[in-house]
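Peer 1: The sequence and its predicted three-dimensional model are supplied below.
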Amino acid sequence: MSEYDIVVVGAGVIGLSTAYHIKCRHPNLKVLVVDKFNAAGQGSTAKSASAFRCLFSSYVNYMLSDSSVDFYIYVQEKMNVDLKLSKVGYLWLLCEDDYKELNPVLRDLASKNLNYKEYEADELADKLGLVVHLADDEEAELMGLKDVYKGIFIPKAGIVDADCIVKFYESEFLRLGGEIHYGVKVENILVEPCKPLGIPDEPFFWQESRVSGVKTDAGVLKAKKTILAAGAWIPQLLDTVGIECFIKPRKRQIFAVQTNKPLLKKLLFTKGFNSAGCIPFTILPKPRIYARPFPTEGVFWLSYADDFPRAFKLEENPQPEKNFYECGIYQVLVKYFPQFKDCRPYSAFAGLYEINTLDGHPVVFEENDLLVAGGASGSGIMKADAIGRVAAALYEGEKYALLYGDRKFKVSDLSIKERNIELEKLQI
Ligand SMILES: Cc1cc2nc3c(=O)[nH]c(=O)nc-3n(C[C@H](O)[C@H](O)[C@H](O)COP(=O)(O)OP(=O)(O)OC[C@H]3O[C@@H](n4cnc5c(N)ncnc54)[C@H](O)[C@@H]3O)c2cc1C
């Protein structure tokens, strides 16, 4: 049996970014990526809304996202790999209370040269046909919906194609001599003594032990270092060896609506926000339902990230719920955007967020030759390049990772034991 230098479990955007960055630094290492699916990025990565923003109050969030997006822009513009990245912007609609709460945060960010623009509610009503005053609407009152008070437009934000990012990392990793085995399911993490004595059933608790690879449905894969980048499935594998990662899976759903009615088409192709000539990625006041424009397809993707009482539950094939749209998203959306009246989704899908329950930021840490990278909590596409670089730096044993644009990032800030994360105040 051949031993690899590194076995990466998971060919999602984070596993492939990590494998690519390690291989870039060490072309001679024998690196294998395995995934239970038959192609790259078929887990949560394929289910993503694939949107990004670079305006966050937490320094960690900002660094991870901004540097990753800068790298994707470099790939698209300088390496001529089309990632279908388009800076359509984010438009965040706020009620008065939320605006008052966020205003000091936004001013602080503006003083640090982070760019955003404020829109008055009436201006947005004109531009978008948005209903900003709901005072006379009994149903809206019953649902607790609030008037739109302001809109915050974030220009360094937009949409990208997660599949194109994954294909970029996959092809570069293979070009550098990396190996990928698809359709291989990891069943267990292998643990062995650091100094084997050849006694049956070792390691015993008095022996120092380490992770020495994985047992898969296609046999055992030995590795000097094992990297677990299995997204929402990370805790399932880690629990069996008693390592806590604070990651929990939770279902998220997306409903696709075609713009075959003139008013809805007009809304999708609203001019004046961006060079793409479409509405930005738009977030309603609470409940923060979002509409993700898909201008090339003439489609909106609609979604909402619900919390209590949505279960933390690992599902192999999560399904979208008809009522989640019909009694939920639709009822709220149509109050603000009447253009969606009578619109039913022509398709829908669901995936899993891999939520870090500590603080909603990713985790990258190592224990006993097992390195874990994940828990991006619903923003793994926009942060994957940086997470891959942090994981590669951890593999090297470096204190700081160099993110794209030569930005230094302290590796232990994403660890569990020496974690150093500020609260994110611009939660969407
Ligand atoms: C509905 C939805 C909308 C989202 N919207 C956005 C967004 O707009 N912007 C954004 O940045 N992020 C978004 N996300 C989050 C983003 O998709 C994830 O953070 C990201 O894809 C996580 O990547 P990953 O590589 O960690 O996980 P995954 O893509 O899930 O990859 C993990 C891989 O591990 C493999 N695996 C698991 N267990 C095993 C095993 N036992 N053996 C072998 N292989 C295994 C899986 O098959 C999978 O391919 C969204 C997610 C969802 C569900």
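Peer 2: Received, thanks.

Peer 1: So what's the residue count around the closest residue to the ligand within the stretch 301-428 of the chain?
Peer 2: Per C-beta to the nearest ligand atom, the residue of the stretch 301-428 of the chain with the smallest distance to the ligand is residue 380, at 2.2 Å. Every C-beta, even on glycine, is put in place using the N, C-alpha and C of the backbone. Each residue near residue 380 was counted by other C-beta atoms under 10 Å, and the total is 27.

Peer 1: need the contact list for it.
Peer 2: Residues in contact with residue 380, defined by C-beta atoms under 8 Å, 6 or more residues apart in numbering, are 12, 13, 14, 44, 45, 48, 231, 354, 362, 374, 387.

Peer 1: so who does the third one touch?
Peer 2: Which is residue 14. Residues touching residue 14, when contacts are defined by C-beta under 8 Å, 6+ apart, comprise 229, 231, 373, 374, 376, 380, 384, 387, 388, 391.

Peer 1: swap the cut-off to 6 Å and go again
Peer 2: The neighbours of residue 14, taking C-beta atoms under 6 Å, 6 or more residues apart in numbering as the test, are 229, 373, 374, 380, 384, 387.

Peer 1: part of a strand, is it?
Peer 2: No. Residue state for residue 14 (DSSP: H, G, I helix; E, B strand; the rest coil) corresponds to helix; a strand is not indicated.

Peer 1: gap between the residue of the stretch 301-428 of the chain closest to the ligand and residue 335?
Peer 2: Residue 380 sits at a distance of 31 Å from residue 335 (criterion: C-beta to C-beta, to the nearest Å).

Peer 1: Residue 101 now?
Peer 2: Distance of residue 101 to residue 335, computed by C-beta to C-beta: 22 Å.

Peer 1: And these two? Which one has more around it.
Peer 2: The neighbour count for residue 101 versus residue 335, taken as other C-beta under 10 Å, is higher for residue 335 (17 against 12).

Peer 1: next one: stretch 70-79 to chain centre, how far?
Peer 2: Offset of stretch 70-79 from its chain centre (C-alpha atoms, centre = their mean, to the nearest Å): 19 Å.

Peer 1: quick one: buried residues of it?
Peer 2: Under the neighbour-count criterion of 16 or more other C-beta atoms under 10 Å, stretch 70-79 has 70, 71, 72, 73, 75, 76 buried.

Peer 1: so of the residues you listed, which ones are in helices?
Peer 2: If you go by DSSP state H, these have 70, 71, 72, 73, 75, 76 in helices.

Peer 1: Isn't the last one up against residue 86?
Peer 2: No. At 9.7 Å, residue 76 and residue 86 do not qualify as touching, with contact defined as C-beta atoms under 6 Å.

Peer 1: how about the nearest residue to residue 426 once chain neighbours are set aside, what does it touch?
Peer 2: Using C-beta to C-beta, 6 or more residues apart in numbering and skipping residues adjacent in sequence, the residue nearest residue 426 is residue 57, 5.0 Å away. Under the criterion of C-beta under 6 Å, 6+ apart, the contact list for residue 57 reads 105, 424, 425, 426.

Peer 1: Which strand or helix spans the third one?
Peer 2: Spelled out, it's residue 425. With the criterion set as DSSP states H and E, no secondary-structure element contains residue 425; it sits in neither a helix nor a strand.

Peer 1: Against residue 66, how distant is it?
Peer 2: 17 Å.

Peer 1: out of those two, which sits in the more crowded spot?
Peer 2: For the pair residue 425 and residue 66, the greater number of neighbours falls to residue 66 (24 against 15), based on other C-beta under 10 Å.

Peer 1: just the CA coordinates of the helix or strand where the more buried one lies, formatted as PDB?
Peer 2: Using DSSP H and E, residue 66 sits within helix 59-77. Taking C-alpha atoms only, helix 59-77 is exported to PDB below (Å, rounded to 0.1, in the frame of the first residue of the first chain):
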ATOM      1  CA  TYR A  59     -11.600  41.900  10.400                       C
ATOM      2  CA  VAL A  60     -11.300  38.200   9.900                       C
ATOM      3  CA  ASN A  61     -14.400  38.100   7.700                       C
ATOM      4  CA  TYR A  62     -13.200  41.100   5.700                       C
ATOM      5  CA  MET A  63      -9.700  39.700   5.200                       C
ATOM      6  CA  LEU A  64     -10.900  36.200   4.200                       C
ATOM      7  CA  SER A  65     -13.500  37.500   1.800                       C
ATOM      8  CA  ASP A  66     -11.700  40.500   0.300                       C
ATOM      9  CA  SER A  67      -8.500  38.700  -0.400                       C
ATOM     10  CA  SER A  68     -10.400  35.700  -1.900                       C
ATOM     11  CA  VAL A  69     -12.500  37.900  -4.200                       C
ATOM     12  CA  ASP A  70      -9.300  39.800  -5.300                       C
ATOM     13  CA  PHE A  71      -7.800  36.500  -6.200                       C
ATOM     14  CA  TYR A  72     -10.900  35.400  -8.200                       C
ATOM     15  CA  ILE A  73     -10.800  38.800 -10.000                       C
ATOM     16  CA  TYR A  74      -7.100  38.100 -10.800                       C
ATOM     17  CA  VAL A  75      -7.900  34.700 -12.100                       C
ATOM     18  CA  GLN A  76     -10.700  36.000 -14.300                       C
ATOM     19  CA  GLU A  77      -8.900  39.200 -15.500                       C
END
